[in-house]
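*Asks:* 3D model of this:
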Amino acid sequence: MGRRILPVIVARGLRFIQVVAFALLNISDLPLWTQYFVNVGLKGRTLVVLERWGGIGDLICLLASVRGLRARHPASWFVLITPYGCAQLGLATRLCDAVTETQTSFHRFIRKVCGSERYYVPLLPDERTPPRSRSRIHLADEFAQVLGTSADLESVALRTPARVRGRIIKRLHDVNPEGRPIIVVHSGPTWPVKEWPIERWSELMGKIAANGSVIIRVGTDFDPAGRYVSQEPVPNTINWIGRLALLDLVALLEQASIFVGVDSGPLHIATALGVPSVGLFGPTDGRLHVHPRARAVIVSGTSSCLGCHYGVTGPGHWKTGCANDIVCMREITVDQVLSAVFRVLNRTATRARATVTASRLSVD
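*Replies:* Next comes the predicted model:
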């Protein structure tokens, strides 16, 4: 009996020494090292890792597979590796036991100690060599298919800490004391192949502002390649570009009447929250990317090359452009988007009135 127990004790002792050494060298990740030691080292739970680079939309759709993977590994300690800057978003779903960003010291450590059969890094067909065609199914289902499980998008719910929500509500009251409808807009920057001309955004926001709504612009000053992009000021809008942490953005979107934007992270957060949204899409199919919780209105052009991302031999575009000069985005008109915005606003107002009427009837 003692001979069988001794190797286990020795193995756990060596693991403890290894964890302590890494932790002392990388003190900023100490809470994660502590969790690892308690759960894997002492309790003997199996380490399972799910890793994904890329953007926020990919991360939200990937999270729909977590419950299926946890059912496959019921006694596991489940760690999510997010793209840089997205750890707080992963934590906000409470689907995983621990979350860290790519290339942290803790990420490098668990990449070494986790068995390959429990370390999941799903590649989509067009990310393989050579690229293959993408299926016309929702991105969440596509990730689940690669992982051999099923997608559960309803399980992906973002929860904002009360202190963050309270801070944003105060900021909103300062800029919108009358309580007018809040429209959050994200015009970019993103990959150029997904962008809409900035002069059309200016025209659109001017027409929306004339309707009495408060427009708040969000995003960053850097494109996905890390290059600085100057954001032109737009009259009658509130510029919060580069002034919100990721959880601040989530809290702001919770308070929004509607979100309008291109295919990018803020749109995917808004739809996951169930915020009424208008999304502008060209090379990709919005119906296969946004969270169904929001019933978003997708605005696209009519060019024959629309949706070229799903080509037989891989995407028919590259990140910075395409052979057709991104005609799929340029042919979207201001009137198209404006009509979609007012349609969603009217639908939202109708629901709000119905809710008030129902509550009054229940009181009576």
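*Asks:* Geometric centre of the protein: which residue is closest?
*Replies:* Taking C-alpha atoms, centre = their mean as the criterion, Ile56 is the residue nearest the geometric centre of the chain, at 3.0 Å.
*Asks:* what ranges do the helices span in the stretch 51-200 of the chain?
*Replies:* 56-63, 66-72, 87-93, 105-113, 139-147, 162-175, 198-209 (DSSP state H, counting those that start in this stretch).
*Asks:* and the ones you listed, which is most packed in?
*Replies:* With neighbours defined as mean count of other C-beta atoms under 10 Å, these peak in mean count at helix 56-63, which reaches a mean of 24. All C-beta spots, glycine's among them, are computed from the backbone N, C-alpha and C.
*Asks:* Could you list the residues in contact with it?
*Replies:* If you take C-beta atoms under 8 Å, 6 or more residues apart in numbering as the criterion, helix 56-63 is touched by 50, 52, 80, 82-83, 86, 89-90, 93, 95, 122, 138-140, 142-143, 151, 153, 155-156, 263-269, 272, 289, 291.
*Asks:* Mind checking which of those residues land in strands?
*Replies:* For the contacts of helix 56-63, the ones inside strands are Leu50, Leu80, Thr82, with DSSP state E as the criterion.
*Asks:* Neighbour-wise, which one of those residues leads?
*Replies:* Going through these with other C-beta atoms under 10 Å as the criterion, the one with the most neighbours is Thr82, at 27 neighbours.
*Asks:* what residues are up against that one?
*Replies:* When the contact criterion is C-beta under 8 Å, 6+ apart, the partners of Thr82 are Arg52, Leu59, Leu89, Gly90, Val99, Thr100, Glu101, Thr102.
*Asks:* As CSV, those residues with pLDDT would be great.
*Replies:* Listed next are the contacts of Thr82 as CSV, based on pLDDT from 0 to 100:
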residue, pLDDT
Arg52, 94
Leu59, 96
Leu89, 96
Gly90, 96
Val99, 97
Thr100, 96
Glu101, 95
Thr102, 94
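*Asks:* ok, those vs Pro192, which is closest?
*Replies:* When the contacts of Thr82 are ranked by distance to Pro192 (C-beta to C-beta), Leu59 comes first, at 21.9 Å.
*Asks:* do you know how far the closest one is from Leu267?
*Replies:* Using C-beta to C-beta, to the nearest Å, we find Leu59 at a distance of 13 Å from Leu267.
*Asks:* cool, and Leu249?
*Replies:* Here the distance between Leu249 and Leu267 works out to 11 Å (C-beta to C-beta).
*Asks:* Looking at those two now, which is surrounded by more residues?
*Replies:* Neighbours per residue (other C-beta under 10 Å) separate Leu249 from Leu267, with Leu267 holding more: 31 against 25.
*Asks:* So Pro235: helix, strand or coil?
*Replies:* coil (DSSP: H, G, I helix; E, B strand; the rest coil).
*Asks:* okay, it: pLDDT?
*Replies:* Per-residue confidence (pLDDT) for Pro235: 88.
*Asks:* and if you look at Gln231?
*Replies:* Note on Gln231: pLDDT of 83.
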